[in-house]
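Trainee: Pasting a predicted model and its sequence here:
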Amino acid sequence: MADLTHLPFADLIGLRIVSVTPEKVTAELPVTPELCTRPAVLHGGAVMAFADTLGAVATVANLAEGFSTTTIESKTNFFAAIPAGETARAECTPLHRGKTTMVWQTRITRADGKLAAVVTQTQLVLSPR
């Protein structure tokens, strides 16, 4: 399996992959001022980017050599804000792992364990060229 723990965009936003298996990806995202909106809470786009990255990593962890992926659908439900200075934690698990698409659910929680967001996304499996 390719190194899925260091990705350019993930590095840019400070996302840290904690673990990767075909069944689950876990990660953390420190909520820095650069990722916040006003008041100083994690921006919704940062929440979505966090989950999108994990769904892609999870899909790649399930692909055969030479295959790749791209996101074709994503839906986010927001439940609670994550304040600056905290660390968002996420767990991404499969809802469907098929030959042409995979569907992932990412649950993002705050430091106090409260559910902050749930993201459901569909990844298209791309055949080698």
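Mentor: Sure, I can see it.
Trainee: For the protein, just list every one of the helices.
Mentor: For the chain, applying DSSP state H gives helices covering 8-13, 44-60.
Trainee: Can I get the shortest one in CSV, CA atoms only?
Mentor: Meaning helix 8-13. Output of helix 8-13 as CSV, limited to C-alpha atoms (Å, rounded to 0.1, in the frame of the first residue of the first chain):
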residue,chain,number,x,y,z
PRO,A,8,0.5,17.6,0.2
PHE,A,9,-2.9,19.1,1.0
ALA,A,10,-3.2,17.3,4.3
ASP,A,11,0.3,18.6,5.3
LEU,A,12,-0.8,22.1,4.3
ILE,A,13,-3.8,22.2,6.6
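Trainee: what residues does it touch?
Mentor: If you take C-beta atoms under 8 Å, 6 or more residues apart in numbering as the criterion, helix 8-13 is touched by 15-17, 29, 35, 46, 49-50, 53. All C-beta spots, glycine's among them, are computed from the backbone N, C-alpha and C.
Trainee: Figure out how far it is from the centre of its chain.
Mentor: Its chain's average C-alpha position is 12 Å from that of helix 8-13, according to C-alpha atoms, centre = their mean, to the nearest Å.
Trainee: Contact partners for the residue lying farthest from the centre of the chain?
Mentor: Each residue of the chain has a distance to the centre, and by C-alpha atoms, centre = their mean the biggest one is for Arg129: 26.3 Å. Listed by C-beta under 8 Å, 6+ apart, Arg129 has no contact partners.
Trainee: Kindly report the same for Pro83.
Mentor: Contacts of Pro83 by C-beta under 8 Å, 6+ apart are 31, 40-42, 110.
Trainee: let's see it at 6 Å
Mentor: Val41 (C-beta atoms under 6 Å, 6 or more residues apart in numbering).
Trainee: For it, give the beta-bridge partners.
Mentor: Beta-bridge pairing of Pro83 under DSSP bridges involves Val41.
Trainee: ok, back up a step: just the buried residues of the contacts of helix 8-13.
Mentor: For the contacts of helix 8-13, a neighbour count by 16 or more other C-beta atoms under 10 Å gives the buried set as 15, 17, 29, 35, 46, 49-50, 53.
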